[in-house]
Each structure stands twice: as C-alpha cells, then as structure tokens.
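Participant: need a structure here:
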Amino acid sequence: MTRVVGVHGVGKQLMGSEMLRSDWFPALSDGLRHAGRQAVPCSDFTMAFYGDLFRPPGRTLAVSDPMFTASDVADGFELDLLLAWWQHAADIDPAVPPATGSTTLARSPRAAQTALRALQRSRFFADVSLRALVFDLKQVRRYLLDDDLRTAARERVQEQIGPDTHVLIGHSLGSVLAYEALCAMPGHPVKALVTLGSPLGMRMVFDRLLPRPGDWPGGPLLSDRAGRPNPEPGPGPDPAPRWTNIVDEGDVVAAVKDLSLLFGPSLEGKVVHNSSHAHEATAYLTAADTGSAVAEGLRRD
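Facilitator: Residues are numbered from 1 along each chain as shown. Modelled structure (predicted):
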C-alpha cells in the first residue's frame, strides 16, 4: 500500500528510486514530527523515478554528464530560462549583478557565458558546477518540448499512483510532472498535492502545461479536457485534491512564489526558510508546513 508518492526534480539521472527514497523518507518523517503529526511507515512511501530518461547513453570508459560549457546553452528556451534565473537571483541576492539590458544581452553570443558567471556568484548556485547547471537547463527544456520523453516521464508517476495513494509530493520539475500526471488521471484517488520549490508559475513553464489550466469554482486544479475539471464538482466528497505550494523566498527556481495568482485562490501557499539550502528537496521536506500538508492529505483517507 503506497499512501504517499514523491516525484523528484532535475539532476537525478545517476540515482534511482531507492536511493532517493533513502533521502526523502527520513526528511518527510522529520517534517511530520515537526508538525506534531505521526510519521508514516516506510512501506507507505515510494518515489516515482524518471531521472534515467535523461541519462546519456553509456560509453566504453564511463557514464557521466556531458562536459557542457556555456556554448552548449541553446538559443530559445534554454537561454530564456537561464536569463530568467539570473534576473530572479539578482532580485534576491545582492552578490549577483543585475541582469540589466537582458533583452539586448539575449542577442549576444556571450549571453549564456555572462549569465552563468553571474549565477555562480549567487549563494543559490554557488555549489552547482557549470556543466550541471547547463544539464539542468536542458532537462527542463527536454521535458517541456520533447513529447515522447514527457509522456514516458509522466507515465512513471502515474504507475506509482494506486488506489491507496492519497498524497503526491512534487519537487522542482517534479511538481510539473505531478500536476500533469493528475490532470491525465480522471478519478484519481489523490487527496493532497504538495509542491515544493515549484517553477509552475514561470510563464515559460505555465504556458506549456498540458493540459492548459482552467478556472473552475471547485478548486484550481486538474483538468481532463479543454481546460475543464474532471469530474465536475457535485454532491458528495470534493474530488479536487487539496493543493499546498511551499516555497523559500531565496529559491531561484520557484521564481513566482504565489501560484494562486495563476491557478486559483483555493491553492494554499506557504513560505519556509531553508537557509542556504533554498531549493533542496530534503530541506523542504523537513519543514513543519510540509508535514502539515502531507498529514492533512492522509487525514482525508
């Protein structure tokens, strides 16, 4: 019986579901305890893993991330996302030079190099290597623009959602997968969606969601066709999951903090303080607000 399913973010291509569960489960248990709630048994929690879909093909000597440089940042989506991260990092971190003239900069051959140098001065990206940062850009772009990969990744999430699954937790890009997976599962049993460090509010992500979000009186979430919810609100239990979005003010990936502006007022937003680990999944999971959101979903069993 899997009552809680976690969906990881980018950069996990060299890991697996069991490795991630060994990180996520203790952190989630602590978050529940910090909220004064009872931790769930380990058997009630599993990870939906899709990172291997981004893993480069094996070679004779080694398997590793490609040796990306600034010149590998593609024009279009990748460069636009990089510039958006730079702008948001500059807004919240005085160590990052402002991305002034970014429209002009975007036309420059040196745009990616300049943005990467600026980001590596931030506390958020200080421990992220240049090649890993570029690889993360490419993962987000591939998920949103590669239909085959998107379908395969989303199916990994749906495969883990069974009749007893009542809480779905998505971190970073995993929040996009979690949202889209539930949209594609009419009649799903999930009672609570918990998103952590989510980029869902960025226009370049929001505008590419499948299906497109629709406004409806029963809640902000989960359409099946033409942007409308399925099933329609009616008598009996509320079919819409309770959605809690949790962010850290210093999380550059979660550039838009208040998702209710785009998804509707019934979405509940929480701000936590992860210190220098602003975007780390385990830091989000240990927060009492995360524990409370998960416990509320389990209470609705």
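
Participant: can you list the weak-confidence ranges in the stretch 101-250 of the chain?
Facilitator: Within the stretch 101-250 of the chain, the stretches with pLDDT under 70 are 101-109, 126-131, 214-239.

Participant: For it, which segments are assigned as strands?
Facilitator: Ranges of strands in the stretch 101-250 of the chain, per DSSP state E, counting those that start in this stretch, are 167-171, 192-196, 223-225, 228-229, 242-248.

Participant: Now do the first one: which elements does it pack against?
Facilitator: Using 3 or more C-beta pairs under 8 Å, 6 or more residues apart in numbering; DSSP states H and E as the contact test, the elements touching strand 167-171 are strand 4-7, helix 173-183, strand 192-196, helix 281-285, helix 288-299. Every residue, glycine included, has its C-beta placed from N, CA and C.

Participant: now those as CSV including mean neighbour count and distance to Asp93?
Facilitator: Shown next, in CSV, are the helices and strands packed on strand 167-171 (neighbours: other C-beta atoms under 10 Å; distance: least, C-beta to C-beta, whole Å):
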stretch, mean neighbour count, distance to Asp93
strand 4-7, 27, 28
helix 173-183, 26, 22
strand 192-196, 28, 20
helix 281-285, 24, 17
helix 288-299, 21, 23
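
Participant: mind giving me TSV with these and columns for distance to Val205?
Facilitator: Compiled in TSV, the helices and strands packed on strand 167-171 are given as follows (distance: least, C-beta to C-beta, whole Å):
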stretch	distance to Val205
strand 4-7	15
helix 173-183	6
strand 192-196	12
helix 281-285	18
helix 288-299	21
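
Participant: quick one, which of these is nearest to Met15?
Facilitator: For the helices and strands packed on strand 167-171, proximity to Met15 was assessed by C-beta to C-beta; helix 281-285 is nearest, at 11.6 Å.

Participant: Mind telling me what element Asp251 is part of?
Facilitator: Using DSSP states H and E, Asp251 maps to neither a helix nor a strand.

Participant: tally of neighbours for it?
Facilitator: When neighbours are counted by other C-beta atoms under 10 Å, Asp251 registers 27.

Participant: How about it: what's its closest non-neighbour residue?
Facilitator: Ala278 (4.5 Å; C-beta to C-beta, 6 or more residues apart in numbering).

Participant: So which residue is dead centre in this structure?
Facilitator: Nearest residue to the geometric centre of the chain (C-alpha atoms, centre = their mean): Ser172, 2.1 Å.

Participant: Now for that one: which residues touch it?
Facilitator: By C-beta atoms under 8 Å, 6 or more residues apart in numbering, the contact set of Ser172 is 8-10, 196-199, 253, 279, 281.

Participant: what's the distance between the longest helix seen in the chain and the middle of its chain?
Facilitator: When the chain is parsed with DSSP state H, its longest helix is helix 17-34. Chain-centre distance of helix 17-34: 17 Å, with C-alpha atoms, centre = their mean, to the nearest Å.
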